[in-house]
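Participant: Return atomic coordinates for the entry below.
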Amino acid sequence: MQQTYNYQDTLAASVKANWRIEDIIGGDKRLDFSKPFMPESMARVEELTFLSPAERRTMNQIRGFDYLCTFGLAEEFILPFVLDHARPQLSGDDYRVRAYLGFAAEEAKHIHLFKKFREEFEGSFGECEFIGPADEIARAILNHSPLAVAIAILHIEWMTQRHYLESIRDDSALDPQFRSLLKHHWMEEAQHAKLDTLMVEALAEGKTEAEISEAIDGYLDIGGFLDSGFGQQVEFNLVNLECSIGRTLSETEREAFRTSQRQAMRWTYLGTGMTHPNFLATIGKLSPASRKRLEDVAPLFC
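Facilitator: Residues are numbered from 1 along each chain as shown. Model prediction:
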């Protein structure tokens, strides 16, 4: 059932969840490279049986690196979008204004957080390749209609919730420091998912079925654009792995790697958001036909 959110309650929860970057990383708070960083449901490295256990752990940590970079990249286009959405409403409801400005401030904090963790990762592991530049990716995404971008952001917010609650929270095998990062990110994104639901509903108000369908087209275009980038990241991760383990995989192993990791990327960043019940409920509220479109497309990313 579709939940109803309001700005006052969401703002109160956001204030309560507030934390500082200094509480999460720095000093003796370091990543433990003897442990995996990502849950197997997303990393999907255990099926790469041509890698040794130590090499599979290394690959898991590389997937942790691309997770840090992907969310850092996402925050780069979420922040200006939220600011642009909040600006016309500064003279409106006080709780709404404060909630959206808080949303933007927290996204800026998340950009800083993921940069700090990336620095920590590369300081111990070594440099890794990642898609970019982030500003060009953000520009391409923000070139779509506001409703299409808001739907894409809603996808990301619910995706974050699913990652932590279903795969990370109870996985005691993961590095505690990496789990701490994902827990604190989840705490604030839980409120962002509610605010973005309100944003999508506001942007969709008064739109025709054809206009909603056009926004879904834009959302799918954004997803296709990101999917193409994740395909390139699989190639980067292959290079990152070979450099780290000091050997070149055979062509058969490389193809198995590409097939496995392409689908792992799709599930992590596309399937988990597109199939989230709350995301689909919001889309269904706007247009049952649009929800059906997404349900038909989603298996490709699962």
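Participant: low-confidence ranges in the protein?
Facilitator: 1-3, 89-92 (pLDDT under 70).
Participant: Check it for its longest helix and report it.
Facilitator: Ranked by residue count and defined by DSSP state H, the top helix of the chain is helix 209-245.
Participant: who does that one touch, helix- and strand-wise?
Facilitator: Contact here means 3 or more C-beta pairs under 8 Å, 6 or more residues apart in numbering; DSSP states H and E; on that basis helix 209-245 packs against helix 53-86, helix 134-142, helix 146-162, helix 251-266, helix 288-297. For every residue, glycine as well, the C-beta is placed using N, CA and C.
Participant: For Tyr164, list the residues it contacts.
Facilitator: Each residue near Tyr164 by C-beta atoms under 8 Å, 6 or more residues apart in numbering is listed here: 182-183, 185-186.
Participant: List the buried residues of the longest helix of the chain.
Facilitator: The neighbour-count check on helix 209-245 (16 or more other C-beta atoms under 10 Å) flags 212-213, 215-216, 218-223, 226-227, 229-230, 233-238, 240-241, 244 as buried.
Participant: before we move on, what about stretch 9-17?
Facilitator: For stretch 9-17, by 16+ other C-beta under 10 Å, it's 10-11, 14.
Participant: Turn the residues you listed into a markdown table, columns for distance to Asp32.
Facilitator: What follows is the buried residues of stretch 9-17, written out as a markdown table (distance: C-beta to C-beta, whole Å):
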| residue | distance to Asp32 |
| --- | --- |
| Thr10 | 35 |
| Leu11 | 36 |
| Ser14 | 30 |
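Participant: so of the residues you listed, which ones are in helices?
Facilitator: 10-11, 14.
Participant: With respect to His276, which of the residues you listed is nearest?
Facilitator: Distance to His276 across those (C-beta to C-beta) is lowest for Thr10, with 18.1 Å.
Participant: isn't that closest one right next to Thr197, touching?
Facilitator: No: when contacts are counted by C-beta atoms under 8 Å, Thr10 is not listed as touching Thr197 (9.6 Å).
Participant: which pair in the contacts of Tyr164 spans the largest distance?
Facilitator: Lys183 and His185 (7.3 Å).
Participant: ok, back up a step: and the buried ones among the contacts of Tyr164, selectable in ChimeraX?
Facilitator: Of these, the buried ones can be selected in ChimeraX as follows, counting by 16+ other C-beta under 10 Å:
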select :182,185,186
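Participant: Closest one of the contacts of Tyr164 to Gln161?
Facilitator: Distance to Gln161 across the contacts of Tyr164 (C-beta to C-beta) is lowest for Trp186, with 6.5 Å.
Participant: Nearest spatial neighbour of the closest one, chain-adjacent residues omitted?
Facilitator: Spatial nearest neighbour of Trp186, chain neighbours left out: Tyr164 (3.8 Å); criterion: C-beta to C-beta, 6 or more residues apart in numbering.
Participant: quick one: that neighbour from Phe71, how far?
Facilitator: Computed as C-beta to C-beta, to the nearest Å, the Tyr164 to Phe71 distance reads 12 Å.
Participant: Check Ile222 too.
Facilitator: Ile222 sits at a distance of 16 Å from Phe71 (criterion: C-beta to C-beta).
Participant: How about Pro288?
Facilitator: 31 Å.
Participant: which of these two has more neighbours?
Facilitator: Phe71 (25 against 11; other C-beta atoms under 10 Å).
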